[in-house]
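[1] Return a 3D structure for these sequence lines:
(4 chains)
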There are 2 protein chains.
Amino acid sequence: MPRAKSIPKRAYHHGDLRVALIAAAVQILEKDGEAALTLREVARRVGVSQAAPYHHFADKEAILAAVGEDGFNHLAVAMEDGRAAAGRGTRAILRAMGVAYVRFAVRHPSHFRVMFSGILQKRGVKECGPLHAAAQRSFGMLLEAVVAAQKAGAIVEGNPAKLALFSWSMVHGLAMLHLNGVADGPAGPLGSIDDLAAGAAEAISRGLETRGTRS
Amino acid sequence: MPRAKSIPKRAYHHGDLRVALIAAAVQILEKDGEAALTLREVARRVGVSQAAPYHHFADKEAILAAVGEDGFNHLAVAMEDGRAAAGRGTRAILRAMGVAYVRFAVRHPSHFRVMFSGILQKRGVKECGPLHAAAQRSFGMLLEAVVAAQKAGAIVEGNPAKLALFSWSMVHGLAMLHLNGVADGPAGPLGSIDDLAAGAAEAISRGLETRGTRS
DNA sequence: GGTACCATCTGAACGTCGTCAAGATAGGGG
DNA sequence: CCCCTATCTTGACGACGTTCAGATGGTACC
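    So this is what the prediction gives:
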């Protein structure tokens, strides 16, 4: 391995095929959907042979896992940005992270769908450790925020992981339903998805707040 | 059309191929997952030729839509049962429907996944009207329950469709995260999914309740 | 009771896909 | 200068989705 150590991921024959393949996959997913994602089309778009991807990914699922990992990393960044932009209240931070979550899902639907398409479950955690780690990064942020809110007495006590799961479920469900076109279908437009996200975050925030708090 | 009118869906050469195909598809989905679902395998399992399904379904997606429709109808029944078993409080009814929703998802993961795999969005509403109607049936029940709770003064005012969407999002998110194995992974077991569902329903119920209510 | 009809099903084919094995290519280390 | 190894290509195999012309078999009508 001559330069695979000195220069880890550059100066391939192609340039950096692995990254290019992932980018092409995302492009296809965004334009034509998951059904149109074909390893052969990915290779075609990058300009390599149909077998070339197999030197960077074990199979088709592996490239999807890479897209999912990419998505989870971007999600964590988006949530960090949301947290940074929020005020100083612990519940305000939770709400901001929830809104950022939904906004990410809406802005990167292809990534989001792949992230939760069940790859993480089908392939063991060991098989795709990076994906799992990236997912844990986001959940860890949420967990921290819940613990902080509990310490501040802003939300109820109890297993923080459970409360974090509830918060996550709220925004995840809204994002999923919106992506399936069901959030604005049934009874006319319910408002922008950003407003809906804010409303949902507000609802779960109230649901978890400690009793006795004034409004 | 000799008997297609008198006896709408029986006495085919096979018996009732359409229903048998759907059942076989569900069986495959439950045992081996969506990736293993093949029209050829479905036909094989039923004992007909590979082209036979095309006389009952336009393409592979159509049979998936049929499975989804089936799932939505069963979901509506499950939610009706949950509502019937609940007490008389309007918020108790909402919670019971939420718990029933999650229980359905956990007990019929294959159906549930197909129901929200994006078929409803990809194919237009006109293309698969029955699916859409079945989905609306469940959402309609939820909407009724929200309106009733509002009339009773148990939950806040505002667009009932929006509040119904929030409730739906809560339990939908929990169900989805659980199905992806993420609900009980991060921080050890958080309790049975039924308990989690009850907790989530309680949280959103509190989040939407009118202020001033005692505990 | 025979016959024509039409829904239903079969057999074979086409193009594409995921994947693999064996060989070509290229660029740095000896 | 040659070799070595990572990288990529060529060619192939089996399976899949889908289509089409034709076989099959029950129902209705005469």
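[2] Flag every buried residue along stretch A:45-65.
    Under the neighbour-count criterion of 16 or more other C-beta atoms under 10 Å in any protein chain shown, stretch A:45-65 has A:45-46, A:48, A:52-53, A:56-57, A:60-65 buried. C-betas here are computed from N, CA, C, even on glycine.
[3] ditto for stretch A:114-131
    Under the neighbour-count criterion of 16+ other C-beta under 10 Å, stretch A:114-131 has A:Val114, A:Met115, A:Phe116, A:Ser117, A:Gly118, A:Ile119, A:Leu120, A:Lys122, A:Arg123, A:Cys128, A:Leu131 buried.
[4] Just the terminal-to-terminal distance for it.
    End-to-end distance of stretch A:114-131 (C-alpha to C-alpha, to the nearest Å): 11 Å.
[5] Pull the residues that contact that stretch.
    A:29, A:34, A:61-62, A:64-65, A:67-69, A:71-72, A:75, A:132, A:135, A:172, A:176, B:33, B:113, B:176, B:179-182, B:185 (C-beta atoms under 8 Å, 6 or more residues apart in numbering or on different chains).
[6] Among the residues you listed, name the buried ones.
    Among the contacts of stretch A:114-131, those scoring as buried are A:29, A:61-62, A:64-65, A:67-69, A:71-72, A:75, A:132, A:135, A:172, A:176, B:113, B:176, B:179-180, B:182, B:185 (criterion: 16+ other C-beta under 10 Å).
[7] Show only the entries of the residues you listed found in strands.
    Judged by DSSP state E, the buried ones among the contacts of stretch A:114-131 include no members of strands.
[8] Does the top helix by length along chain A reach DNA strand D?
    Counting residues, the longest helix found in chain A (DSSP state H) is helix A:60-85. No. On the criterion C-beta under 7 Å from any atom of the strand, helix A:60-85 is out of touch with DNA strand D, staying 11.9 Å away.
[9] Would you mind putting the CA coordinates of the helix or strand of chain A with the lowest mean pLDDT into CSV?
    Of the helices and strands making up chain A, the lowest-confidence element is helix A:119-122, at a mean of 74, by mean pLDDT, DSSP states H and E. The C-alpha trace of helix A:119-122 is given here as CSV (Å, rounded to 0.1, in the frame of the first residue of the first chain):
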residue,chain,number,x,y,z
ILE,A,119,-30.7,-0.2,6.7
LEU,A,120,-29.5,0.6,10.2
GLN,A,121,-31.7,-2.3,11.3
LYS,A,122,-31.1,-4.8,8.5
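[10] which of the contacts of stretch A:114-131 come close to DNA strand C?
    Among the contacts of stretch A:114-131, DNA strand C is touched by A:Glu61 when using C-beta under 7 Å from any atom of the strand.
[11] sorry, back to before: does the least confident helix or strand of chain A reach DNA strand C?
    No. Helix A:119-122 lies out of reach of DNA strand C by C-beta under 7 Å from any atom of the strand, never closer than 12.4 Å.
[12] chain center to that helix: distance?
    Averaged C-alpha coordinates place helix A:119-122 at 14 Å from its chain's average position (C-alpha atoms, centre = their mean, to the nearest Å).
[13] try stretch A:100-114
    Stretch A:100-114 has its C-alpha centroid displaced from the chain centroid by 6 Å (C-alpha atoms, centre = their mean).
[14] Next, the distance between the ends of that stretch.
    Stretch A:100-114 end-to-end distance (C-alpha to C-alpha) = 18 Å.
[15] again with stretch A:79-92
    Stretch A:79-92 stretches 13 Å from its first residue to its last (C-alpha to C-alpha).
[16] buried residues in it?
    For stretch A:79-92, the neighbour count (16+ other C-beta under 10 Å) marks A:Met79, A:Gly82, A:Arg83, A:Ala86, A:Thr90, A:Arg91, A:Ala92 as buried.
[17] Following the chain onward from the longest helix of chain A, which element is next?
    For helix A:60-85, the following helix or strand on the C-terminal side (DSSP states H and E) is helix A:90-107.
[18] Quick one: residues contacting A:Phe104.
    A:His74, A:Leu75, A:Ala78, A:Met79, A:Phe112.
[19] What distance do you get for the third one to A:Lys151?
    Put plainly, it is A:Ala78. 25 Å (C-beta to C-beta, to the nearest Å).
[20] same deal with the second one?
    Between A:Leu75 and A:Lys151 the computed distance is 25 Å (C-beta to C-beta).
[21] do the first one as well
    Going from A:His74 to A:Lys151 by C-beta to C-beta gives 29 Å.
[22] Likewise for the fourth one?
    Summarising the geometry, the distance separating A:Met79 from A:Lys151, computed by C-beta to C-beta, is 20 Å.
[23] One more: the last one?
    When distances are taken as C-beta to C-beta, A:Phe112 and A:Lys151 turn out to be 31 Å apart.
[24] And these two? Which one has more around it.
    A:Phe112 (24 against 11; other C-beta atoms under 10 Å in any protein chain shown).
[25] how near is that one to B:Ala145?
    Separation of A:Phe112 from B:Ala145 (C-beta to C-beta) stands at 29 Å.
[26] got it, and A:Leu179?
    As judged by C-beta to C-beta, A:Leu179 and B:Ala145 stand 25 Å apart.
[27] re earlier: which of the buried residues of stretch A:45-65 sits closest to chain B?
    Proximity of the buried residues of stretch A:45-65 to chain B was ranked by C-beta to the nearest C-beta; the top entry is A:Glu61 with 8.5 Å.
[28] Let me see the ranges of the helices in chain A.
    Under the criterion DSSP H, chain A contains helices at A:17-32, A:39-46, A:60-85, A:90-107, A:109-115, A:119-122, A:129-151, A:160-179, A:193-208.
[29] Good, wrapping up.
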